[in-house]
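Student: Mind folding the following:
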Amino acid sequence: MESNDASTLAGVVLGRFAAAIEQAEGPFVLGISGLQGSGKSTLGADLIAAAAARGWGAVTLSLDDAYLTHEERQALARTVHPLLRTRGVPGTHDLALLVSTLDALGKASPVNPVSVPRFDKGHDDRYAPALWPTEAEVPRLVILEGWCLGVTAQDQPALDTPVNALERDEDADGTWRRWVNGQLRAYQPLWRAIHALVVLQAPSWDVVTRWRDEAEQPLRARGEPRAMDAAAMARFLQHYERLSRHALATLPAQADLLIRLSDTRTTLAL
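Tutor: Numbering: from 1, shown residues only. Presented below is the predicted three-dimensional model:
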């Protein structure tokens with residue numbers, strides 16, 4: 001299948017799992033894993049619309065919306081490693097919040113509505129809970145998405161050699177990458193809560209870096225203070241290179257549905 005139509009893709013994805021979703025006793029958790037710029041958020045939004053067209057309640061929960069607070073990550077930077085100031089890698093998410101939210105969604109009601117966390121990337125901290133959207137009924141579908149969703153820990157010998165300048169110069173003894181790798185073990189129960197995993201497979205890490213830089217260009221053009229220049233972007237992406245390459249190599253075998261993308265993000269195959 002080749003398509004540029006995200007809504008068509010969502011219909012295909014939902015159709016693939018429709019029977020299982022209908023038979024599930026509680027919310028069906030559909031995982032969407034894809035590296036930066038692969039279209040996770042777009043697919044998630046289109047799946048919400050496709051679910052609504054079937055009369056199904058649906059909600060999206062992103063790993064990005066359950067980061068540890070800014071102060072909690074600053075504390076990790078002080079006590080574990082300075083590179084943990086940058087959010088995104090395993091160990092910078094509030095797993096208890098994610099798990100409790102998934103559990104609560106299975107019991108949602110008008111009497112006990114569930115607040116779904118949201119994160120303000122511009123201020124690098126969570127929105128106040130009063131601003132989180134609420135769900136007042138048990139959804140038929142929960143879409144859980146994230147760049148490292150489903151990723152397992154690397155073997156220890158793989159951590160010995162730096163994969164880029166950031167690891168070589170700022171994590172010379174491997175403390176940061178070994179800590180992050182160790183944190184992935186705590187994510188496995190969350191991964192097991194996923195009923196089906198969809199993987200948006202980018203062509204390569206180099207293509208992912210280009211996609212992410214393209215997303216930054218409008219911010220630079222508008223003169224946004226938080227926009228990163230090319231050098232800052234290159235350093236930023238090196239935080240994720242190791243596990244991104246690992247995901248590209250290992251997640252296809254774990255996927256219940258593998259969607260291969262071209263370098264222009266069109267769908268090549270299902």
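Student: mind checking which helix or strand of this structure has the lowest mean pLDDT?
Tutor: Taking mean pLDDT, DSSP states H and E as the measure, the chain has strand 267-269 as its least confident helix or strand, at a mean of 66.
Student: Are we agreed that residue 152 is in a strand?
Tutor: No: looking at residue 152 with DSSP: H, G, I helix; E, B strand; the rest coil, it is coil, so not inside a strand.
Student: where exactly do the strands run in this protein?
Tutor: According to DSSP state E, the chain carries its strands in the segments 28-34, 58-62, 114-115, 119-120, 125-126, 134-135, 141-146, 196-201, 257-261, 267-269.
Student: Now do the contacts for residue 68.
Tutor: Taking CB atoms under 8 Å, 6 or more residues apart in numbering, we find residue 68 in contact with 76, 87, 92, 93, 94. Where C-beta positions appear, they are placed from N, C-alpha and C, glycine not excepted.
Student: and the residues you listed, which of them are in helices?
Tutor: Applying DSSP state H to the contacts of residue 68, the entries found in helices are residue 76.
Student: okay, now residue 88: neighbour count?
Tutor: 19 (other CB atoms under 10 Å).
Student: can you tell me how far it sits from residue 146?
Tutor: Between residue 88 and residue 146 the computed distance is 10 Å (CB to CB, to the nearest Å).
Student: Please apply the same query to residue 50.
Tutor: 20 Å.
Student: Equivalent analysis for residue 116, please.
Tutor: For residue 116, the distance to residue 146 - CB to CB - is 15 Å.
Student: Same question for residue 28.
Tutor: 17 Å.
Student: for residue 107, same thing?
Tutor: If you go by CB to CB, the gap between residue 107 and residue 146 works out to 23 Å.
Student: In terms of neighbours, single out the busier of those two.
Tutor: Neighbours were counted for residue 107 and for residue 146 using other CB under 10 Å; residue 146 has more, 23 against 10.
Student: Once you drop chain neighbours, what's closest to the more buried one?
Tutor: residue 63 (3.1 Å; CB to CB, 6 or more residues apart in numbering).
Student: How many residues are close by the one you found?
Tutor: Residues lying near residue 63 (other CB under 10 Å) number 24.
Student: Next up, the contacts around it.
Tutor: 93, 98, 144, 145, 146, 147, 148, 149.
Student: Can you name the two of those that sit furthest apart?
Tutor: Distance extremes for the contacts of residue 63: the farthest pair is 98 and 147 at 14.5 Å, using CB to CB.
Student: what about the helices in the stretch 1-150 of the chain?
Tutor: Taking DSSP state H, counting those that start in this stretch, the helices of the stretch 1-150 of the chain run over residues 6-23, 40-53, 70-79, 95-105.
Student: Turn these into CSV, including distance to residue 182, mean pLDDT and mean neighbour count.
Tutor: Converted to CSV, those look like this (distance: least, CB to CB, whole Å; pLDDT from 0 to 100; neighbours: other CB atoms under 10 Å):
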stretch, distance to residue 182, mean pLDDT, mean neighbour count
helix 6-23, 32, 90, 16
helix 40-53, 25, 94, 18
helix 70-79, 13, 97, 14
helix 95-105, 14, 97, 16
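Student: TSV for those helices, including distance to residue 247?
Tutor: Formatted as TSV, the helices of the stretch 1-150 of the chain follow (distance: least, CB to CB, whole Å):
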stretch	distance to residue 247
helix 6-23	19
helix 40-53	13
helix 70-79	22
helix 95-105	18
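Student: any weak-confidence spans in this protein?
Tutor: Scanning the chain for pLDDT under 70 picks out the ranges 1-7, 268-270.
Student: need the contact list for the spatially most central residue of the chain.
Tutor: Centroid-nearest residue in the chain, with CA atoms, centre = their mean: residue 146, separated by 1.0 Å. Contacts for residue 146 (CB under 8 Å, 6+ apart) come out as 32, 33, 40, 62, 63, 64.
Student: which one of these is nearest residue 185?
Tutor: residue 63 (16.2 Å).
Student: quick one: the closest one from residue 72, how far?
Tutor: Where residue 72 is concerned, residue 63 sits at a distance of 15 Å (CB to CB).
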